[in-house]
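# after the sequence you'll find the predicted model.
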Amino acid sequence: MPRPEIRFCRLCGTATAASIPPGEDRERAVCPDCGYVDYVNPINVVGTIPVWGQAGEQVLLCRRAIEPRKGYWTVPAGFLEFGESLPDGAIRETREEAGARIELGELFSVIDVVHVGQVHLFYRARLLDLDLEPGLETIENWVVEFDRIPWDEIAFPTVRRTLEHYVADRAAGAFTVHTETIERRRSH
Ligand code: ZN
């Protein structure tokens, strides 16, 4: 995905021009009228890995009701809102997509997806109850044992990598923060 092309000033509506602002090293969309510089920066996607069971042996998955990857499974996640902290966003997305109430845990994974301009962050979490209700973006919820995760039906590489790390850390008995970069998938 290329950088979004900005054509109009978001403040005053004047057609922007690509130029390098003073002291910077790359072209930006600059408004010739009001001077506004429209910076395009990566977007934060924040989510949770909500577990259930005496030993946290089950995880909450959501089957997506919307594109992209409609019908595939994910954990609750979505775009961080302006004015919202990462933990607040994680709790909100989990509530919106699964109707789930959680106790938020530690940050677990931070995954750069450079080619789409996104950073995905996932928190550990504990479901407080099984009183779930799928949101508009979710077909159904599924609280499933970690060894029954449908790996071939996971919606996004960042979710798959996060769940793989989680399964490995859980088996090792120690959770750490995982940071990595996911490269563009090659087309065949
Ligand atoms: Zn302007």
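Structure's in. What do you need?
# neighbours of A125, how many?
By other Cβ atoms under 10 Å, 26 other residues sit near A125. In short, each C-beta sits where N, CA and C put it, glycine included.
# spell out which parts of the protein neighbour the ion.
Neighbours of the ion within the chain, by Cβ under 5 Å from the ion: C9, L11, C12, T14, C31, D33, C34, Y36.
# scan the chain for its longest strand.
If you go by DSSP state E, the chain has its longest strand at strand 102-113.
# neighbouring strands of it in the sheet, and parallel or not?
Strand 102-113 has its sheet partners listed here by DSSP bridges as strand 118-127 (antiparallel), strand 178-181 (parallel).
# E5 and E93, how far apart?
28 Å (Cβ to Cβ, to the nearest Å).
# which of the two has more neighbours?
The residue with more neighbours, out of E5 and E93, is E93; 24 against 9, by other Cβ under 10 Å.
# can I get the residues of the chain next to the ion in JSON lines with neighbour count and pLDDT?
Shown next, in JSON lines, are the residues of the chain next to the ion (neighbours: other Cβ atoms under 10 Å; pLDDT from 0 to 100):
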{"residue": "C9", "neighbour count": "21", "pLDDT": "97"}
{"residue": "L11", "neighbour count": "12", "pLDDT": "97"}
{"residue": "C12", "neighbour count": "11", "pLDDT": "97"}
{"residue": "T14", "neighbour count": "13", "pLDDT": "97"}
{"residue": "C31", "neighbour count": "20", "pLDDT": "97"}
{"residue": "D33", "neighbour count": "12", "pLDDT": "97"}
{"residue": "C34", "neighbour count": "11", "pLDDT": "97"}
{"residue": "Y36", "neighbour count": "17", "pLDDT": "96"}
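# redo those residues as CSV? Include secondary structure.
Below are these laid out as CSV (DSSP: H, G, I helix; E, B strand; the rest coil):
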residue, secondary structure
C9, coil
L11, coil
C12, coil
T14, coil
C31, coil
D33, coil
C34, coil
Y36, coil
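# max-length helix in this protein?
helix 157-172 (DSSP state H).
# C-alpha coordinates for that helix, PDB please?
Output in PDB follows, covering the C-alpha atoms of helix 157-172 (Å, rounded to 0.1, in the frame of the first residue of the first chain):
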ATOM      1  CA  PRO A 157      -0.200 -12.200  10.000                       C
ATOM      2  CA  THR A 158       0.200 -10.000  13.100                       C
ATOM      3  CA  VAL A 159      -2.500 -11.900  14.900                       C
ATOM      4  CA  ARG A 160      -1.000 -15.200  13.900                       C
ATOM      5  CA  ARG A 161       2.500 -14.200  15.000                       C
ATOM      6  CA  THR A 162       1.100 -12.900  18.300                       C
ATOM      7  CA  LEU A 163      -0.800 -16.100  19.000                       C
ATOM      8  CA  GLU A 164       2.300 -18.200  18.000                       C
ATOM      9  CA  HIS A 165       4.400 -16.200  20.500                       C
ATOM     10  CA  TYR A 166       1.700 -16.500  23.100                       C
ATOM     11  CA  VAL A 167       1.500 -20.300  22.700                       C
ATOM     12  CA  ALA A 168       5.300 -20.600  22.900                       C
ATOM     13  CA  ASP A 169       5.600 -18.300  26.000                       C
ATOM     14  CA  ARG A 170       2.800 -20.100  27.700                       C
ATOM     15  CA  ALA A 171       4.500 -23.500  27.200                       C
ATOM     16  CA  ALA A 172       7.700 -22.000  28.500                       C
END
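# many thanks, have a good one.
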